[in-house]
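Visitor: with the input below, show me the fold.
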Amino acid sequence: MSTPFYVSPQQAMADRAEYARKGIARGRSLVVLQFADGIVFVGENPSRALHKFSEIYDRIGFAAAGKYNEYENLRIGGVRYADLRGYTYDRDDVTARGLANVYAQTLGTIFSSQAEKPYEVELVVAEVGAEAAGDQIYRLPHDGSIVDEHGAVAVGGNAEQISSFLDQRHRDGMSLAEALQLAVQALSREPNGGEREIPAERLEVAVLDRTRPQQRKFKRIVGRQLSRLLEAEADAAATTPTEAPSDEETGEGGGGAESAE
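Guide: Have a look, this model is predicted:
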């Protein structure tokens, strides 16, 4: 009888972690940023049917990088958990912290199980509060750990380089157009230091907007509204502080970019 090949538990877990990280890195990056009126989700996604961002509940949004079928299963499970808890108790009892704990248990169990491969996914669960101080952003790596993030977070692809870029430039109180432009600049950076252009039609953008009067704060930004936001910030960046507006620019005929509804 042959002796089975022995692999130490530490080496087995390290191999599983490396496998999951490589799978996540093959996907496109996405970023989640706080702005003055809420939280914005921005990612490069040419597909109009397979979304990276989704609504989980009234004030809670979901973002994921990695294998679509795996994080879609997690998203559906999160929606079921939120609906059941909100129906059984109260809508206010459904929180991003509680949902992150559920996802952490699921991912941790799968990662430590030798019977199946680890999920190649990295999640972000965000909740918008009544004020900016009440916003919550949780990042969940493949192993089920929970990281409490503030300001901005990137997952998937070259997330470390993008996170470093965002940490240096993100600030509190940014407008939606400013946050969106910063996110696009971060996603445009190549691992070799170069930059590329990402057209608006290849972007998936959604927000949790605390100023919306209805209970559900999640909204997708698409089409002309997305283009106007990108153009508004580009026009603002092209105008230096020393330039004085002309009479035509200050007249009634000069139309500004419309704000997001």
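Visitor: all helices for the stretch 1-150 of the chain, in order.
Guide: 9-25, 68-88, 96-112 (DSSP state H, counting those that start in this stretch).
Visitor: burial of residue 55, as a residue count?
Guide: By the criterion of other Cβ atoms under 10 Å, residue 55 has 19 neighbours. Glycine gets a C-beta too; all of them are placed from N, C-alpha and C.
Visitor: so who does residue 31 touch?
Guide: 41, 42, 43, 152, 153, 154, 162, 166, 183, 186, 187 (Cβ atoms under 8 Å, 6 or more residues apart in numbering).
Visitor: can you tell me how far it sits from residue 8?
Guide: 37 Å (Cβ to Cβ, to the nearest Å).
Visitor: and what of residue 166?
Guide: Distance of residue 166 to residue 8, computed by Cβ to Cβ: 37 Å.
Visitor: repeat for residue 150
Guide: 37 Å.
Visitor: look at those two and report which has more neighbours.
Guide: Per other Cβ under 10 Å, whichever of residue 150 and residue 8 has more neighbours is residue 150, with 11 against 8.
Visitor: confirm for me that that one is in contact with residue 138.
Guide: No. In this structure, residue 150 is not within contact of residue 138 by Cβ atoms under 8 Å, at 10.8 Å.
Visitor: pLDDT weak spots in the chain?
Guide: Along the chain, the model assigns pLDDT under 70 to residues 1-5, 233-261.
Visitor: centre-most residue in it?
Guide: In the chain, the centroid-proximal residue (Cα atoms, centre = their mean) is residue 32; its distance is 3.6 Å.
Visitor: any idea what that one is bridged to?
Guide: Per DSSP bridges, the residues bridged to residue 32 are residue 41, residue 153.
Visitor: hang on, isn't residue 67 packed against residue 120?
Guide: Yes. At 4.7 Å, residue 67 counts as touching residue 120 under the criterion of Cβ under 8 Å.
Visitor: what is in contact with these two at once?
Guide: What both residue 67 and residue 120 touch, as defined by Cβ under 8 Å, 6+ apart, is the set residue 23.
Visitor: of these two, who's got more company?
Guide: Shown here are residue 67 and residue 120; by other Cβ under 10 Å, residue 120 has more neighbours (20 against 17).
Visitor: distance of the more buried one from residue 74?
Guide: From residue 120 across to residue 74, the span is 12 Å (Cβ to Cβ).
Visitor: please apply the same query to residue 90.
Guide: 24 Å.
Visitor: looking at the two, which is more packed in?
Guide: Neighbours were counted for residue 90 and for residue 74 using other Cβ under 10 Å; residue 74 has more, 21 against 9.
Visitor: what residues does the more buried one make contact with?
Guide: Residues in contact with residue 74 (Cβ under 8 Å, 6+ apart) are 64, 103, 106, 107, 119, 121, 123.
Visitor: and the two most separated of those residues?
Guide: Greatest spacing in the contacts of residue 74, by Cβ to Cβ: 64 and 106 (13.0 Å).
Visitor: more neighbours, the two?
Guide: Looking at residue 64 and residue 106 with other Cβ under 10 Å, you find the greater number of neighbours at residue 64, namely 27 against 17.
Visitor: could you pull up phi and psi at the nearest residue to residue 21 once chain neighbours are set aside?
Guide: Nearest non-adjacent residue to residue 21, counting by Cβ to Cβ, 6 or more residues apart in numbering: residue 142, 7.0 Å away. Main-chain torsions, residue 142, degrees, to the nearest 10: phi -60, psi -20.
Visitor: how many residues are close by residue 159?
Guide: 19.
Visitor: whoops, residue 14 was the one
Guide: 11.
Visitor: ok, it to residue 192 distance?
Guide: Applying Cβ to Cβ, the value for residue 14 to residue 192 is 28 Å.
Visitor: same check on residue 15?
Guide: Distance of residue 15 to residue 192, given as Cβ to Cβ: 28 Å.
Visitor: so these two - more neighbours on which side?
Guide: residue 15 (12 against 6).
Visitor: what is the burial count for the closest residue to residue 102 other than its chain neighbours?
Guide: Leaving out its chain neighbours, the residue that sits closest to residue 102 by Cβ to Cβ, 6+ apart is residue 81, at 5.6 Å. By the measure other Cβ under 10 Å, the count of residues near residue 81 is 17.
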